[in-house]
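Trainee: got a predicted structure here, sequence first:
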Amino acid sequence: MRILLVGSGGREHALAWKLARSARCEQLWIAPGNPGTAEIGINVELDASDAAGIVGLATREQIDLVVVGPEAPLVAGISEVCEAIDVPVFGPSSQAAQIEGSKAFAKALMAEAGVPTAAHHVFEDAAAAHAFVADQGGTWVVKADGLAAGKGVVVPADHRETLAAISTVAATKAGTRLILEEKLSGPEVSLLAICDGEHAVPLLAAQDHKRIGEGDTGPNTGGMGAYAPTPLLPADQAQALVDVVFTPILRTMASRQIPYRGILYAGLMLTPDGVRVLEYNARFGDPETQALLPLLKSDLVDLAWRAATGTLKDVQLSWEAGAAVCVVLAAANYPDTPRTGDPIQGLDTLPADVLAFHAGTRRRADGALVTAGGRVLGITAVEADLAQARQKAYAAVDQIHFDGMQVRRDIAVQGVR
């Protein structure tokens, strides 16, 4: 099968790595890819949102399946464009991708489907949100309605910080509409499912670490590390949640004539009152993918094809024993404007069984690998248990260096306790 993967981050490197391991993968193209994916398939200098360019490539290379990594091309309609030339796509339509593209849309969908979630209010501008908080008091989670690359959520500590957060989020491109949400408490878990419009097949539950600082301090990022599986949500409980958080959404979307095919990511909070869905994403999580795919024994190409063609019924996933830990190495000044161009050293010293997924990297003209984004690398180790996987991952991290490198030292600690 001739496959085109769309995207350029650490998630896409992990997807490329897994897709290429399938016996069904004849050739893999990645648009635009990164230095890591260049070692696996053929990188093509096309922006992930260049629909015309991607269609041209798919036609020219007789692509059999398109796999879309990031959310922005999905929301922009890349699936419809590819399906118009009869190329199956592992990824939802633009209408279905609104489950991530608009938090207000997702909240309305959850209400209609009966999915447990936090109480919320939608505001068309900051003034209305400020007036509501001034009148009601309390502390509210502030969310941008649109896409914000994983950074459109502020969890304030008090009433004053809520008011400040409204102004901050409203000033972003994604924050033209705002959602104020009831502040819940409890550990967060990521549960992803492969969906074909009717059936949902869950992956292992994982846990992401969003904030820049250890102990979950500092501003939100796109994710500073992840591990799987998490003991907070064992496999049997994750399976039981399919009928709570996935199947009702699939049925509701199908009733709206917008069937959901692709990965559906549910960000969950395990509250004292039960599981609540914080948000849905229309794609694989990043960095959760870098922890989940090394554990997946099942053929990802087969799963993606079945999801794209509506044939997932009765599929059971197979997993490697043990656990995986992914530690993200971030650039100086991330999550603000990251510094780029710093040489990366030590990757060639890593053990063969440690995976280094490229995210924000590039090759200079002289061949040197340098930083080129906020999250630079995801270092993943798989071992018999979580404690050993942590130890191996951090031993590998200690062999890598670039100026200003930021790394959290507490990834997966909650799972080991």
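Mentor: Cool, the structure landed.
Trainee: only C-alpha atoms from now on, for both contacts and neighbour counts.
Mentor: Noted.
Trainee: could I get the full set of helices for the stretch 201-350 of the chain?
Mentor: Per DSSP state H, counting those that start in this stretch, the stretch 201-350 of the chain carries helices over the ranges 235-240, 247-255, 288-292, 300-309.
Trainee: elements contacting the last one?
Mentor: If I follow you right, that is helix 300-309. Counting contacts by 3 or more CA pairs under 8 Å, 6 or more residues apart in numbering; DSSP states H and E, helix 300-309 is packed against helix 10-20, strand 89-90, strand 188-196, strand 261-271.
Trainee: with the third one instead?
Mentor: With contacts defined as 3+ CA pairs under 8 Å, 6+ apart, the secondary structure elements packing on helix 288-292 are helix 10-20, strand 225-228, strand 323-330, strand 375-383.
Trainee: tell me the mean pLDDT for the helix or strand just after the last one?
Mentor: Read it as strand 375-383. Elements were assigned by DSSP states H and E; along the chain past strand 375-383, the next helix or strand is helix 386-397. For helix 386-397, the mean per-residue pLDDT is 98.
Trainee: which parts of helix 386-397 are buried?
Mentor: For helix 386-397, a neighbour-count test (16 or more other CA atoms under 10 Å) marks L386, A387, Q388, A389, R390, K392, A393, Y394, A396, V397 as buried.
Trainee: quick check, nearest of those to R375?
Mentor: Minimum distance to R375 across these is 13.9 Å, recorded for V397 (CA to CA).
Trainee: near S318, how many other residues are there?
Mentor: 12 (other CA atoms under 10 Å).
Trainee: turn the helices of the stretch 201-350 of the chain into CSV, including mean pLDDT and distance to V275.
Mentor: Compiled in CSV, the helices of the stretch 201-350 of the chain are given as follows (pLDDT from 0 to 100; distance: least, CA to CA, whole Å):
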stretch, mean pLDDT, distance to V275
helix 235-240, 92, 11
helix 247-255, 98, 15
helix 288-292, 98, 20
helix 300-309, 98, 26
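Trainee: can you put the helices and strands packed on helix 300-309 in CSV and add mean pLDDT and mean neighbour count?
Mentor: Supplementary listing: the helices and strands packed on helix 300-309 in CSV, determined by pLDDT from 0 to 100; neighbours: other CA atoms under 10 Å:
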stretch, mean pLDDT, mean neighbour count
helix 10-20, 98, 25
strand 89-90, 98, 28
strand 188-196, 97, 26
strand 261-271, 97, 23
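Trainee: list the contacts for the nearest residue to V382 once chain neighbours are set aside?
Mentor: Using CA to CA, 6 or more residues apart in numbering and skipping residues adjacent in sequence, the residue nearest V382 is A324, 4.3 Å away. Shown in contact with A324 (CA atoms under 8 Å, 6 or more residues apart in numbering): 227-229, 291-292, 294-295, 380-383, 386, 389-390.
Trainee: if we go to 7 Å?
Mentor: Residues near A324 by CA atoms under 7 Å, 6 or more residues apart in numbering: Y227, A228, A291, T380, A381, V382, E383, L386, A389.
Trainee: which one of the helices of the stretch 201-350 of the chain lies nearest to M110?
Mentor: helix 247-255 (7.1 Å).
Trainee: the closest one - contacts with which helices or strands?
Mentor: If you count contacts as 3 or more CA pairs under 7 Å, 6 or more residues apart in numbering; DSSP states H and E, helix 247-255 packs onto helix 103-113.
Trainee: and the angle from the helix it packs on to helix 247-255?
Mentor: 100 degrees (axes from the mean of the first three to the mean of the last three CA atoms, to 10 degrees).
Trainee: run through who's touching helix 103-113.
Mentor: Residues contacting helix 103-113 (CA under 7 Å, 6+ apart): Q98, I99, E100, V122, D145, G146, P248, I249, T252.
Trainee: tabulate the residues you listed (JSON lines), appending distance to N34 and neighbour count.
Mentor: Putting these into JSON lines (distance: CA to CA, whole Å; neighbours: other CA atoms under 10 Å) gives the following:
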{"residue": "Q98", "distance to N34": "27", "neighbour count": "23"}
{"residue": "I99", "distance to N34": "28", "neighbour count": "26"}
{"residue": "E100", "distance to N34": "25", "neighbour count": "24"}
{"residue": "V122", "distance to N34": "38", "neighbour count": "17"}
{"residue": "D145", "distance to N34": "30", "neighbour count": "27"}
{"residue": "G146", "distance to N34": "26", "neighbour count": "20"}
{"residue": "P248", "distance to N34": "37", "neighbour count": "19"}
{"residue": "I249", "distance to N34": "34", "neighbour count": "26"}
{"residue": "T252", "distance to N34": "37", "neighbour count": "18"}
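Trainee: let me know the closest of the residues you listed to A206.
Mentor: E100 (19.0 Å).
Trainee: need the contact list for that closest one.
Mentor: A106, Y280, N281, A282.
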